[in-house]
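Trainee: Sharing a model that was predicted from the sequence below.
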Amino acid sequence: MSKSESWRLADWLSLAAAPTFGLMALLTAVADSGAHQMWCVPAVHGSPLCGMVPMYVLMSAFHLTPWLKRASGWRRAARPA
């Protein structure tokens, strides 16, 4: 594998992070609505940033940079000269 091919692979992997964490947040929010949460009620209501769902949402937000760079490139390419 050449260096340019490995960079392209790394670009695709970096694009996969944000949607993956977003999906994990969604699945965790749906799965964590069960009766087993009764054990964690005091901990869950202690802080709005407590728990896995906010962590996954924050991780998704922090990994949006490759998407934002790509979107800005598409905007520049779409502008008429």
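Mentor: That came in fine, so what should we check first? Numbers count the residues shown, from 1 in each chain.
Trainee: Report the buried residues of the helix or strand hosting Leu23.
Mentor: Per DSSP states H and E: Leu23 is located in helix 3-31. In terms of neighbour count (16 or more other CB atoms under 10 Å), helix 3-31 has its buried residues at 17-18, 21-22, 24-25, 28. Yep, even glycine has a C-beta here, placed from its N, CA and C like the rest.
Trainee: got a pLDDT number for Ala35?
Mentor: For Ala35, the pLDDT comes out at 52.
Trainee: sorry, that was for Pro80
Mentor: Pro80 is given a pLDDT of 67.
Trainee: Mind picking out the helix or strand in the chain with the poorest mean pLDDT?
Mentor: When each helix and strand of the chain is scored by mean pLDDT, DSSP states H and E, helix 41-44 comes last, with a mean of 53.
Trainee: Next, the angle from the helix or strand following it to helix 3-31.
Mentor: Moving toward the C-terminus from helix 41-44, the next helix or strand (DSSP H and E) is helix 52-62. Angle, helix 52-62 to helix 3-31, by axes from the mean of the first three to the mean of the last three CA atoms, to 10 degrees: 150 degrees.
Trainee: Give the other helices and strands that helix 52-62 contacts.
Mentor: Using 3 or more CB pairs under 8 Å, 6 or more residues apart in numbering; DSSP states H and E, the elements in contact with helix 52-62 are helix 3-31.
Trainee: Quick one: mean pLDDT for the helix it packs on?
Mentor: 84.
Trainee: And the closest residue to Met59 other than its chain neighbours, how far from His63?
Mentor: Computed as CB to CB, 6 or more residues apart in numbering, the closest residue to Met59 that is not its neighbour in sequence is Phe21, at 4.4 Å. Distance, Phe21 to His63, using CB to CB, to the nearest Å: 6 Å.
Trainee: Name the nearest of the buried residues of helix 3-31 relative to Pro54.
Mentor: Of all those, Ala25 has the smallest distance to Pro54: 8.1 Å, by CB to CB.
Trainee: one step back: nearest to Trp67, out of the buried residues of helix 3-31: which one, please.
Mentor: Of the buried residues of helix 3-31, the one sitting nearest to Trp67 (CB to CB) turns out to be Ala18, at 5.9 Å.
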